[in-house]
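1. just to be clear, the model below is a prediction. Sequence and coordinates:
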Amino acid sequence: MIPRLVHRPSISNLDMARMLRDFGFTRIVELEPWQTARVGRGRDVEVTALPYYGESVGLAPRDWMTVHVALGGRQAVCLVDAARDPYGDADQVVQEARRRFGRPDFLFAPASEFHYPLVHFNRIPFYLDRCFEVFTGGPTDVVRWATFSGARLVIPYALFHLTPRDLENDDNACDADVFRRGRVSTLAQRMRSAPDGPLCVMAPGDRLTWGGDERPLGRDIGDGVRLVQVLRA
Amino acid sequence: MLCGVVPAGERAGAGSSDFDVFAVYDDPRLGPDEVRLQTTVRWMVDHTGGVSLLTTAQRGWDALTTSCDTQVQFEGYRLNLFHTSATCYYVMGRKAEEVLDVIRGLDQRRGAGELELTAEERGTLMQDGEGLILHPAYYFQETPSFFDDDTTLVWKRRDGESHYETALDREGLALFHRLLPALASNTVSLSTLRERLDDEEWEFLQRMLHHGYVVPAPLRAPAVRRDHRLTLIGHSGIVFESPSSRVMLDPLFLVRARRDYNPIPAVLSEPLDAVIISHPHWGSPQLRLPRPPPPRDRGG
């Protein structure tokens, strides 16, 4: 499932459907913003494409998507690496998603505050005029999105964490950290003042479960949801 | 190593037969005087569709078991035998006729000095039927090298008696770690593994099989779940699971596999119904894995 190509394809707006076909994929579902599709053998996972604003090179609009996923009576908004760009702001997306779907149970919010160094070709004046240098959301954005969305759980992610150890060593998790300002500790400090959305920090491998009638694993984090720290137990 | 199997006579029935197995080892794990094994075994198709070899004579067996304990290898065939009881030896789960055909073909060529399997024969022996699992008699340790990027992978027997060392470079180690969780879970059939691994990974798996560190075993049925789940895979990768569906957002499998976590078990252990790609930053969604599920797995 990919975002439908609406604008002219370019180096910053790749024709993903064509590339996937070249890779050998044959069942490609393209979604326009706010379009919904049911997937899965039980057709019980509802995926809605949301607009994607962020990581722009400022050259032309790109047809990317963030996503809203509903399953098992819960819904999640996943903002991937979004923040804002010359064409829009994830604030609008979060607010519109709440208007259409109500309060999400889970808000997966990018917190990496990723920026590029001066030498990067993306940093052209056109772009800097509008977006300064931040490409992805950071702790300040997450706090605001938590308020806008009213999410029951706010999960910082897209932090370039690939292992539980990366979360433990958040200040030096990976090579990309030279471009990453967002830290979980910073977010945790700021979220104390957030009116909504308790912060739920997950490491790669961690799992949220709900609705099972088997012996529950992990710890109850409220509202019938349990956090299972699979690799950190 | 030289080895071969000599059918001892006609098959006694549709599902069993007797034949002699012999092997000439140059395996360093065997003592210098333990270079030859000859015994008579009886094969039968078991309830899993696999082939079991039951020893009917213990000729030469004691000498072998002294050194190899639970492990016997017939590497020329890429048949790995290990006993599940005192006298039962298990061969890869192939159709018995196909295995025998290969064995007979090998035996004929043995006279001409050709003992390598052809690609077709290898395919016959490596077809579907079972999954693979790490051999329970072994565990392994990694020892980083001080002088280069290679890591020494030390396979140790749980009884502590013997071990085998192999040096893996960074790519080899990454490959091993990508395979490891799937092997540990034992819910992935051989054919599925073959379908989802590239040639390099498959070759690596064959080598592990060849050395006996992984062995065939009946597939473990996936547990039936009733809960709903979402699992953070890494960076922006999330797997959403309902009791009947699995959907992944932004597959993130960096080539540099990490030693303490690998997302493959969560992804490969069961088929995915859909993969959502939010944006084409190829550093994030890597399309080499997972590959599209086979037609029989497609439901969504």
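-> That came through fine. This one's a predicted model, so the numbers in the text were calculated from it and none came from an experiment. Numbers count the residues shown, from 1 in each chain, chains lettered A, B, ... in the order given.
2. and residue A:147, how far from residue A:223?
-> To residue A:223, residue A:147 is 19 Å away according to CB to CB, to the nearest Å. Every residue, glycine included, has its C-beta placed from N, CA and C.
3. between the two, tell me which one has more neighbours.
-> Higher neighbour count among residue A:147 and residue A:223: residue A:147, with 15 against 10, using other CB atoms under 10 Å in any protein chain shown.
4. now do the phi/psi pair for that one.
-> Dihedral pair for residue A:147: phi -70, psi -50, per degrees, to the nearest 10.
5. quick one: it from residue A:94, how far?
-> Distance of residue A:147 to residue A:94, computed by CB to CB: 9 Å.
6. try residue A:142
-> 11 Å.
7. using neighbour counts, pick out the buried residues of stretch A:7-14.
-> For stretch A:7-14, burial by neighbour count (16 or more other CB atoms under 10 Å in any protein chain shown) applies to A:9, A:12, A:13, A:14.
8. pLDDT and secondary structure added to those, as CSV?
-> Output for the buried residues of stretch A:7-14, formatted as CSV (pLDDT from 0 to 100; DSSP: H, G, I helix; E, B strand; the rest coil):
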residue, pLDDT, secondary structure
A:9, 88, coil
A:12, 77, coil
A:13, 86, strand
A:14, 86, coil
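9. dump those into a markdown table; add distance to chain B as well.
-> Conversion of the buried residues of stretch A:7-14 to a markdown table gives the following (distance: CB to the nearest CB, whole Å):
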| residue | distance to chain B |
| --- | --- |
| A:9 | 11 |
| A:12 | 10 |
| A:13 | 9 |
| A:14 | 5 |
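10. for those, which two are the farthest from each other?
-> The most widely separated members of the buried residues of stretch A:7-14, counting by CB to CB, are A:9 and A:12 (9.4 Å).
11. show me where chain A has helices.
-> All helices of chain A, identified by DSSP state H, fall at A:16-23, A:90-101, A:125-131, A:139-149, A:164-168, A:184-191.
12. determine which of the ones you listed shows the lowest mean per-residue pLDDT.
-> Of all the helices of chain A, mean pLDDT reaches its minimum on helix A:125-131 (a mean of 46).
13. just give the closest residue to residue A:106, not the sequence neighbours.
-> residue A:76 (4.0 Å; CB to CB, 6 or more residues apart in numbering or on different chains).
14. who's the one you found bridged to?
-> residue A:69, residue A:106 (DSSP bridges).
15. so who does the closest residue to residue A:10 other than its chain neighbours touch?
-> Once flanking residues are discounted, residue A:10 sits nearest to residue A:60: 5.9 Å by CB to CB, 6+ apart. By CB atoms under 8 Å, 6 or more residues apart in numbering or on different chains, the contact set of residue A:60 is A:7, A:8, A:10, A:12, A:13.
16. against residue A:150, how distant is the closest residue to residue B:226 other than its chain neighbours?
-> Leaving aside its sequence neighbours, residue B:226 sits nearest to residue A:212 (CB to CB, 6+ apart; 5.0 Å). Residue A:212 sits 26 Å away from residue A:150, going by CB to CB.
17. any low-confidence regions in chain A?
-> Applying pLDDT under 70 to chain A flags residues A:57-59, A:116-134, A:173-178, A:193-197, A:213-218, A:230-233.
18. contact partners for residue A:149?
-> Neighbouring residues of residue A:149 by CB under 8 Å, 6+ apart: A:77, A:94, A:95, A:97, A:98, A:103, A:104, A:107, A:196, A:197.
19. in ChimeraX, how would I select the buried members of those residues?
-> Restricted to buried positions by 16+ other CB under 10 Å, the ChimeraX selection for the contacts of residue A:149 reads:
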select /A:77,94,97,98,104,107,197
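20. reformat the contacts of residue A:149 as a markdown table; add distance to chain B.
-> As requested, the contacts of residue A:149 are exported to a markdown table (distance: CB to the nearest CB, whole Å):
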| residue | distance to chain B |
| --- | --- |
| A:77 | 11 |
| A:94 | 15 |
| A:95 | 19 |
| A:97 | 15 |
| A:98 | 19 |
| A:103 | 17 |
| A:104 | 12 |
| A:107 | 12 |
| A:196 | 20 |
| A:197 | 17 |
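21. all good on my end, thank you.
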